[in-house]
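[1] test case, fold it:
(chains A and B)
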Amino acid sequence: MLSIRQKAGRDGLPDFRNLGITARLLLAANLLAFGVALAAYPGWEAALAAFLRAAALLEPVLVASLVALYAAAPWLARLAFWPAAAVVMGIVLGLSAAAHAVIAPLSGAALSRTLVIAAGLTALLLAYLRLHRTAFSPALAEARLQALQARIRPHFLFNSLNAVLALIRRDPRRAEHALEDLAELFRALMSDGRSLVRLADEIALLERYAAIEQLRLGERLRLSWELDDAPVDALLPPLLLQPLLENAVYHGVEPGTGVADVRVRIGRRGDRVVASIENPHIEREAAARGGNRMALENIRERLMLYFDAEARLESRIQGGRYRVEIEIPYRAGPQ
Amino acid sequence: MSALRVFIADDEAPARARLRELLADIAAELPTKLVGEAANGFEAIERIPGSGAQVLLLDIQMPGLAGLEVARHLAALPEGPGVIFVTAHDRHAVEAFELNALDYLLKPVRAPRLAAALRKALAAGAPARAALEQAAPGARGYFSVAERNRIALIPVRDVLYLKAELKYVTLRTRAGEHLIEEPLVALEREFGERFVRIHRNCLVARAAIRGFERAAVQEDEPHWEVLLEGLPERLPVSRRQWAAVRELVAERKA
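    From the prediction side, this is the model:
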């Protein structure tokens, strides 16, 4: 199993393939440049003009550096902070010199000046990344992850035990299976929640959970699975999908008197893993039972901690159906 | 001793099966006879009145109509069954039961506890209406009209207005009228969010108000009347209530 601690490099720089990091760097570099221009020139217009002049050199270097860092990311991730920072500095200075050679003859600026500015800006951004990492230090993130770890509703536990008790005399074999399912579900729930799991394992867990609910609810719960395109080797945080299915049962099946169709769909869209769960929307229940938003917020925050801006969670109500969809980057784990 | 007549209401089939098993287990000690089962609140309301049940085992979390509301409607019966609430896990409900001296069992239920609860419920008879009201988390979704061996449910959202007349309160829906035996003050307290008082003897559904019209001058002062959505009838607004009702008009315009 792969741990998120390894994923981010023990104490090194963050993942330069992460969209959130890239966006932060772009924004920070431009803000800095604009801030400097504003400080150096008295008027807004003069400052803006200076910023635009600087941008002619800044933007190509910035974009080229981010592309180079993207390419070097897997290799950089293996280095500790200082060596990695030195490599980044080297890349940026090299690109700055190249850009200077192309653009500077027009402006007549000195190479040393360009390099000093590039080095200063890079140092500031590295310091910012360092700070950002400490603020979201692994220990802190882990503590938050554990607090956010999905918890099963006690209501579900006691009702399930009751259903198993009802089976023991009539159908001992089914009772055995049900207890095995429950045991596996609780093993997953009580794991520390930091290790990424394979999608195949999460799907197996979904099926165990569904089997127990089926026992309890019988024909009221009609489940359909569309898993043919599911990339079973994809890595994802544990118990990402199970709480969503539990929500679907709690809000879309239990409060209804009739048969409820619940659809689970997991597939791959390019380099993204997409999972959606759909259930009937029961109007009165939304207000009476509540709690749904909290479960979603919980998952949203966990996604943020694992994937930053690269994951997406959306829910909507349409045509009497409630649908929640999760999208995460596809990263294959060991077979 | 004749067998105790028991009714089981629970939406999960295995849970009902488990209770049946337990009733069989305690039969030597306390003979019982199962007189009916229901898989949701509506079925319970439909089947219990004619079943002759003496004690009801009632799951509190059922689709359609929750256990507590079922019990509140059954309280309208002249000789309702004793009620034992059953829940897997609901801290708020359990607290409310304790506070209001209502009987309950926790799932999974154990045989000795079940026997003790059945005896106690038989002795106590139907729970007091006041205790049920206090234990309930909010307003009911239905009004109930008890007729000999039947309880008719009228959705609260269908009621346009409630009018007190002597001993009864008349519920007016688009389809017709029903009489219930509950004080208007209690109804106002329970359904204050949905209904607004326009007169000493009348509550009107906020959603049913189409507008207001100044009525012809009678005797001395002019007064206002409520125009209803879908009914030609007009209801007078008393002078005392007009200030509060007028605020409502302003709210609707805003």
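
[2] quick one: stretch A:32-48 to chain centroid distance?
    Distance of stretch A:32-48 from its chain centroid, counting by C-alpha atoms, centre = their mean, to the nearest Å, is 37 Å.

[3] check stretch A:322-333 too.
    Using C-alpha atoms, centre = their mean, the offset of stretch A:322-333 from its chain centre is 9 Å.

[4] now stretch A:115-130
    Worked out by C-alpha atoms, centre = their mean, stretch A:115-130 lies 27 Å from the chain centre.

[5] give me the buried positions along that stretch.
    Neighbour-count burial for stretch A:115-130, counted by 16 or more other C-beta atoms under 10 Å in any protein chain shown, picks out A:117, A:118, A:121, A:122, A:125, A:126, A:129. The C-beta positions use only the backbone N, C-alpha and C, and glycine is treated the same way.

[6] the fifth one against residue A:26, yeah?
    Which is residue A:125. No: using C-beta atoms under 8 Å, residue A:125 makes no contact with residue A:26, being 10.3 Å away.

[7] please, where are all the strands along the stretch 51-200 of chain A?
    A:197-198 (DSSP state E, counting those that start in this stretch).

[8] which bits of it sit near chain B?
    By C-beta under 8 Å from any C-beta of the partner chain, the residues of the stretch 51-200 of chain A that approach chain B are A:153-155, A:157-159, A:161-163, A:165-167, A:169-170.

[9] now those in CSV, please, with extra columns for neighbour count, pLDDT and distance to residue A:236.
    Listed next are those as CSV, based on neighbours: other C-beta atoms under 10 Å in any protein chain shown; pLDDT from 0 to 100; distance: C-beta to C-beta, whole Å:
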residue, neighbour count, pLDDT, distance to residue A:236
A:153, 16, 76, 22
A:154, 12, 82, 26
A:155, 16, 83, 26
A:157, 17, 89, 24
A:158, 17, 92, 29
A:159, 27, 91, 28
A:161, 16, 94, 29
A:162, 23, 94, 32
A:163, 27, 93, 29
A:165, 19, 95, 34
A:166, 25, 93, 35
A:167, 20, 93, 33
A:169, 11, 92, 40
A:170, 11, 91, 38
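
[10] list just the nearest of the residues you listed to residue A:268.
    Among those, residue A:153 lies closest to residue A:268 (C-beta to C-beta), at 30.8 Å.

[11] residues contacting that closest one?
    A:246, A:250, B:89 (C-beta atoms under 8 Å, 6 or more residues apart in numbering or on different chains).

[12] out of the residues you listed, which sit inside helices?
    If you go by DSSP state H, those have A:246, A:250 in helices.

[13] and the least confident of the contacts of residue A:153?
    Ranked by pLDDT, the contacts of residue A:153 bottom out at residue B:89, which has 82.

[14] how much space is there between that one and chain A?
    4 Å (C-beta to the nearest C-beta, to the nearest Å).

[15] now that residue. Nearest residue, chain neighbours left out?
    In space, and not counting its chain neighbours, residue B:89 is closest to residue A:154: 4.3 Å by C-beta to C-beta, 6 or more residues apart in numbering or on different chains.

[16] remind me which helix or strand the closest residue to residue A:249 other than its chain neighbours belongs to.
    Leaving aside its chain neighbours, residue A:249 sits nearest to residue A:213 (5.3 Å; criterion: C-beta to C-beta, 6+ apart). With elements taken from DSSP states H and E, the one containing residue A:213 is helix A:199-217.

[17] outline the domain layout of chain B.
    Using automatic domain parsing, the domain ranges for chain B come out as B:4-135, B:142-253.

[18] among those, which comes closest to residue A:99?
    domain B:142-253 (63.6 Å).

[19] enumerate the residues of chain B near chain A.
    Counting by C-beta under 8 Å from any C-beta, the residues of chain B that sit close to chain A are B:11-15, B:17-18, B:21, B:39-40, B:42, B:61, B:63-64, B:88-90, B:106-109, B:141.

[20] make it 10 Å
    Proximity of chain B to chain A, by C-beta under 10 Å from any C-beta of the partner chain, involves residues B:10-22, B:39-43, B:59, B:61-66, B:86-91, B:106-109, B:137-138, B:141.

[21] re earlier: now, which of the buried residues of stretch A:115-130 lie within helices?
    A:117, A:118, A:121, A:122, A:125, A:126, A:129.

[22] how about the residues you listed in a markdown table, adding pLDDT?
    A markdown table is the format used below for those (pLDDT from 0 to 100):
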| residue | pLDDT |
| --- | --- |
| A:117 | 85 |
| A:118 | 86 |
| A:121 | 87 |
| A:122 | 89 |
| A:125 | 87 |
| A:126 | 87 |
| A:129 | 81 |
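
[23] and which of these is nearest to chain B?
    Nearest to chain B out of those is residue A:129 (C-beta to the nearest C-beta; 45.7 Å).

[24] show me what contacts the closest one?
    When contacts are counted by C-beta atoms under 10 Å, 6 or more residues apart in numbering or on different chains, residue A:129 is found next to A:13, A:14, A:16, A:21, A:24, A:25, A:28, A:81, A:84, A:85, A:88.

[25] distance of it relative to residue B:15?
    56 Å (C-beta to C-beta, to the nearest Å).

[26] now swap in residue A:254 and tell me
    Per C-beta to C-beta, residue A:254 is found 12 Å from residue B:15.

[27] list residues touching both of the two?
    With C-beta under 10 Å, 6+ apart as the test, residue A:254 and residue B:15 both reach A:159, A:216.

[28] buried residues, the longest helix along chain A. List them.
    In chain A, assigned by DSSP H, the helix with the most residues is helix A:44-76. For helix A:44-76, burial by neighbour count (16+ other C-beta under 10 Å) applies to A:47, A:50-51, A:54, A:57-58, A:60-62, A:64-66, A:68-69, A:72-73, A:76.

[29] ditto for stretch A:263-271
    A:263, A:264, A:265, A:266.

[30] ok, residue A:29 touching residue A:121?
    Yes: using C-beta atoms under 10 Å, residue A:29 is in contact with residue A:121, at 6.3 Å.

[31] now for these two: what residues contact both?
    Shared contacts of residue A:29 and residue A:121 (C-beta under 10 Å, 6+ apart): A:58, A:61, A:62.

[32] so who does the last one touch?
    Which is residue A:62. Contacts of residue A:62 by C-beta under 10 Å, 6+ apart are A:25-26, A:29-30, A:33, A:55, A:92, A:95-96, A:99, A:118, A:121, A:125.

[33] then the first one?
    In this structure, residue A:58 makes contact with A:29, A:30, A:32, A:33, A:51, A:52, A:96, A:99, A:117, A:118, A:121, judged by C-beta under 10 Å, 6+ apart.

[34] next one: the last one from residue A:73, what distance?
    Yep, that's residue A:121 we're talking about. Here residue A:121 is placed at a distance of 20 Å from residue A:73 (C-beta to C-beta).

[35] what does the first one give?
    Distance, residue A:29 to residue A:73, by C-beta to C-beta: 18 Å.

[36] likewise the third one?
    Look at residue A:32 and residue A:73: by C-beta to C-beta, they are 23 Å apart.

[37] check residue A:135 too.
    21 Å.

[38] for residue A:243, same thing?
    From residue A:243 across to residue A:73, the span is 31 Å (C-beta to C-beta).

[39] same check on residue A:210?
    Distance from residue A:210 to residue A:73, by C-beta to C-beta: 38 Å.

[40] could you list the low-pLDDT ranges of the chain?
    As the question left the chain open, I've gone with chain A. Along chain A, the parts satisfying pLDDT under 70 run over A:1-12, A:104-108, A:136-152, A:192-193, A:284-293, A:335.

[41] that's the other chain; I wanted chain B
    The model of chain B has pLDDT under 70 over residues B:1, B:216-222, B:252-254.
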